[in-house]
Each structure stands twice: as C-alpha cells, then as structure tokens.
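>>> Starting from these lines, generate the structure:
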Amino acid sequence: MQAPGRAPILLAAGGTGGHLFPAEALAAALAKRGIVAHLVTDRRATRYGGAFAEENVHVVSSATLRSRNPLAVLQTISAIGAGVLQTWSLIGRLKPAAVIGFGGYPTIPPVLAAATRRVPSLIHDANAVIGRANRLLAPRVTAIATTFPDVFRDRPAWVAKATLTGNPVRPAVVAAAATPYSQPRDPLRLLIFGGSQGARIMAEIVPPAIRRLDPGLRGRLAIVQQVREEDLSHVREAFTKLSIWAEVAPFFPDLPARMAACHLVVARSGASTVAELAAIGRPAILVPLPHALDQDQFANAGVLEAAGGAIRIVQDMFTPQRLADEIAALAEAPQRLQTMAAAARSLGHLDAADRLADLVLAVAVKGANK
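The predicted structure is shown next:
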C-alpha cells in the first residue's frame with residue numbers, strides 16, 4: 001500500500017527514547033515503501049533523533065503540564081498554542097498524507113494542527129495504560145494504534161478506532177532478536193540499565209546487592225551497567241573492589257546487541273524496554289518508575305510478569321538483599337531463566353513497525369478519498 005502521491009508522513013514524538021524509538025522504527029518501515037518521514041519533536045531530541053535526516057527534523061514549541069498553579073497552566077497552554085501555530089504552518093508547507101503521534105506532550109501541537117487542517121491523524125500508545133496526552137488526543141484522531149490488548153476496556157467509545165499493532169522496535173532490535181537465548185554457563189552475564197536517561201536507583205542498589213552474593217557466584221558474573229555520569233566512579237570502584245568484570249558507562253548505543261548477549265536484565269519498565277525485552281526474548285527483573293502519573297511502567301512490567309517473562313519489584317521493595325536473593329535464585333535455576341526468556345519472547349511483535357505502517361497508509365488513503 002502506498003501513501004497518496006507519495007506525500008510524506010509527519011511523525012510527532014516527545015524527545016525521549018521511549019517515544020522516539022518507535023517513531024524511528026516506523027520511519028524505517030515507511031522508507032522501505034519509498035515514503036519519507038519527517039519528525040516533529042522538542043529540543044530533547046538532539047540525543048535520540050539521529051536516525052532522521054537533519055532537514056527532516058522540526059522542533060516546535062510545547063510544554064508538559066507539571067503543576068496546577070494557574071501561571072504554570074497558562075504557560076503550558078501558551079507553549080502548546082505556539083506549537084500548534086508552528087505545526088499548522090509546517091503542515092501547509094509539507095502537505096503530509098497523515099500525522100502520527102507517539103505520545104508525550106510534544107505530540108499535542110502537531111496532532112491538533114492536523115485536526116484543524118483536516119489531515120488524517122493517528123496516535124500510537126506504547127504502554128499498557130494510555131498516557132495523558134494520548135487521552136486528550138484520542139477523540140480527535142482518525143485511528144489509534146495500541147501495543148497491548150484491552151487498553152480501552154474502560155473506554156468503549158474508543159474501541160472502534162483501535163488497532164493492536166504492538167510497539168515498533170528499531171532495526172537494531174530486530175537484528176538482535178535473531179540471537180537465540182543461550183542457557184547460562186560461565187560467565188553469567190547481567191545487563192543493568194534505567195532507561196534512556198539512566199537511573200540513580202540502579203547505581204545505589206546493584207553494587208551492594210552483588211556484594212551480598214556468595215563469592216562463588218560473584219566470581220561467575222560479567223556485568224554491563226548503565227549509570228549517570230556522576231555515578232560512574234563509585235560504581236566502577238565498587239565492582240573493582242569485588243574483583244568483578246564490569247563495563248560501566250552512561251550510555252550504550254548498541255544496547256539491543258548487549259541485551260541479546262546477556263542472560264538476565266535488571267531495568268526500569270518503560271515501554272521501549274518492555275517491547276525490546278519481548279522482541280529479543282530475555283528474562284528480566286523490572287523495577288517500575290514509582291512516580292509516573294499513570295503508573296504506566298507498573299502496568300507494563302505486570303504484562304511481562306503475568307506471561308512469566310519477568311519479576312516485577314516495586315521500588316520500595318527493591319533493596320540490595322531482595323535483588324541479591326532474586327539473582328541467586330535465578331542463577332541456581334538456569335532452566336527457569338530459559339523458560340522466562342521464551343515467555344518474554346512470546347509477547348514480542350517483530351512486525352509491529354510494518355503493522356503500524358499498514359495502518360498509517362490505510363488512514364492516509366481513506367483520508368485522501370474523502
């Protein structure tokens with residue numbers, strides 16, 4: 001299926017990996033069909049938007065509503081309004097066949113501008129519970145793509161618009177998924193990260209948890225851990241004192257390949273992390289971000305846990321001793337790790353980008369024929 005006249009598709013995503021990675025995957029799927037994707041985002045995208053040509057990245061004004069203070073609300077509305085005007089002009093210049101939003105407040109201006117210009121629009125939600133920005137936009141879009149089933153069980157009015165596509169994963173994840181899970185021998189490879197921005201809690205909990213392990217088990221470990229810049233030295237020093245091979249860095253651009261090479265992941269449970277764990281098929285200990293407004297990470301981890309692919313630990317219970325106990329128990333049961341890997345893989349959607357591309361082009365064609 002082709003977009004009408006090979007017109008470009010406009011993708012709107014907040015400037016974090018969780019929103020940009022699915023947009024990147026869709027752009028790659030569209031490119032295979034000869035269709036150019038442009039990205040509308042905020043200023044944070046400079047670190048994660050490198051998959052798009054510079055001339056196809058458009059930064060517009062937006063803001064996240066973080067306070068009910070009247071002045072803060074007014075400033076947010078003003079920023080979003082400015083972004084709507086900026087994107088309204090951009091849509092007039094690019095004449096896209098459709099506008100696709102991937103969640104986050106920076107999605108709001110482009111999708112609202114598309115509605116005012118009567119351009120077909122679609123939102124994709126990556127989480128097990130729909131986010132606030134997407135809840136605002138859902139009544140205004142042509143279609144909705146979801147990652148998990150039954151997201152709208154409490155909102156029957158949106159069911160007719162919804163299509164289950166899964167969460168698109170980057171080409172690097174698809175490539176990594178070709179590596180089968182190997183039952184742990186020596187070394188036992190652990191991968192620890194906290195999402196695209198890193199996480200202080202991992203730096204605080206993981207080294208003392210490893211210290212609590214039996215020396216024999218510690219000697220079998222090989223650790224890759226993502227930490228913040230300010231935590232680098234003390235985490236490296238902690239592993240050095242324990243005589244453990246460890247690679248510690250603030251960012252791993254090849255994270256999918258490292259996930260494929262590991263035996264156990266310890267991580268947050270953002271949408272992209274859960275999608276990549278499922279696509280590649282790796283067992284995990286997941287620690288949801290506790291302060292999320294919609295508790296989306298808690299719900300995401302719950303889906304993997306219910307399938308048998310992960311252990312979910314709320315942050316208040318994520319202590320060095322609890323983590324040490326879980327790692328020790330899994331290390332003693334390699335068959336359980338292999339079973340968890342298979343369970344996670346059963347939820348994977350390696351074709352999610354193509355499914356979403358098909359839906360996007362269907363929406364574009366339908367809009368062009370009106």
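
>>> use CA for all of it now, contacts and neighbours both
Fine.

>>> Let me see the ranges of the helices in the stretch 51-200 of the chain.
70-94, 108-116, 132-137, 171-176, 200-211 (DSSP state H, counting those that start in this stretch).

>>> what's the closest of the ones you listed to Ala344?
The minimum distance between Ala344 and those falls on helix 171-176, with 14.4 Å, by C-alpha to C-alpha.

>>> quick one: contacts of that closest one?
Applying C-alpha atoms under 8 Å, 6 or more residues apart in numbering, the contact partners of helix 171-176 are Ala25, Ala28, Asp254, Pro256, Ala257, Met259, Ala260, Glu276, Ala279, Ile280, Leu350.

>>> The same query, at a cut-off of 7 Å, please.
With contact meaning C-alpha atoms under 7 Å, 6 or more residues apart in numbering, helix 171-176 is reached by Ala25, Pro256, Ala257, Ala260, Glu276, Ile280, Leu350.

>>> where's that helix relative to the chain centroid, distance-wise?
The chain centre lies 14 Å from the centre of helix 171-176; the measure is C-alpha atoms, centre = their mean, to the nearest Å.

>>> cool, stretch 94-111 as well?
Centre-to-centre, stretch 94-111 and its host chain are 18 Å apart (C-alpha atoms, centre = their mean).

>>> now do stretch 331-349
Using C-alpha atoms, centre = their mean, the offset of stretch 331-349 from its chain centre is 21 Å.

>>> Report the mean per-residue pLDDT for it.
Averaging pLDDT along stretch 331-349 gives 96.

>>> Just the buried residues of it, please?
Within stretch 331-349, the residues that count as buried by 16 or more other C-alpha atoms under 10 Å are 331, 334, 336-349.

>>> Which residues does that stretch contact?
166, 181, 183-184, 275, 277-283, 304, 307-310, 330.

>>> Selection in PyMOL covering whichever of those are buried, please.
To isolate the buried ones among these in PyMOL, judged by 16+ other C-alpha under 10 Å, type:
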select buried, resi 166+181+184+275+277+278+279+280+281+282+283+304+308+309+310
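
>>> Just the ones of the contacts of stretch 331-349 in helices?
Ala275, Leu277, Ala278, Ala279, Ile280, Leu304, Ala307, Leu330 (DSSP state H).

>>> Apart from its neighbours in sequence, what residue is nearest the second one?
The reference is to Leu277. Ala344 (6.7 Å; C-alpha to C-alpha, 6 or more residues apart in numbering).

>>> Which strands and helices lie in contact with the least confident helix or strand in the chain by mean pLDDT?
Lowest by mean pLDDT, DSSP states H and E among the helices and strands of the chain is helix 70-94, with a mean of 85. Secondary structure elements in contact with helix 70-94, counted by 3 or more C-alpha pairs under 7 Å, 6 or more residues apart in numbering; DSSP states H and E, are helix 108-116.

>>> right, and the secondary structure at the residue nearest to the spatial centre of the chain would be what?
The residue lying closest to the centre of the chain (C-alpha atoms, centre = their mean) is Ser272, at 2.1 Å. Classification of Ser272 using DSSP: H, G, I helix; E, B strand; the rest coil returns helix.

>>> Verify the stated contact: it with His19.
No: Ser272 is beyond contact range of His19, at 8.0 Å (criterion: C-alpha atoms under 7 Å).

>>> just to revisit the earlier point, in TSV: the helices of the stretch 51-200 of the chain, plus distance to Gln226.
Below are those laid out as TSV (distance: least, C-alpha to C-alpha, whole Å):
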stretch	distance to Gln226
helix 70-94	33
helix 108-116	31
helix 132-137	29
helix 171-176	18
helix 200-211	9
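
>>> Perfect, that will be all.
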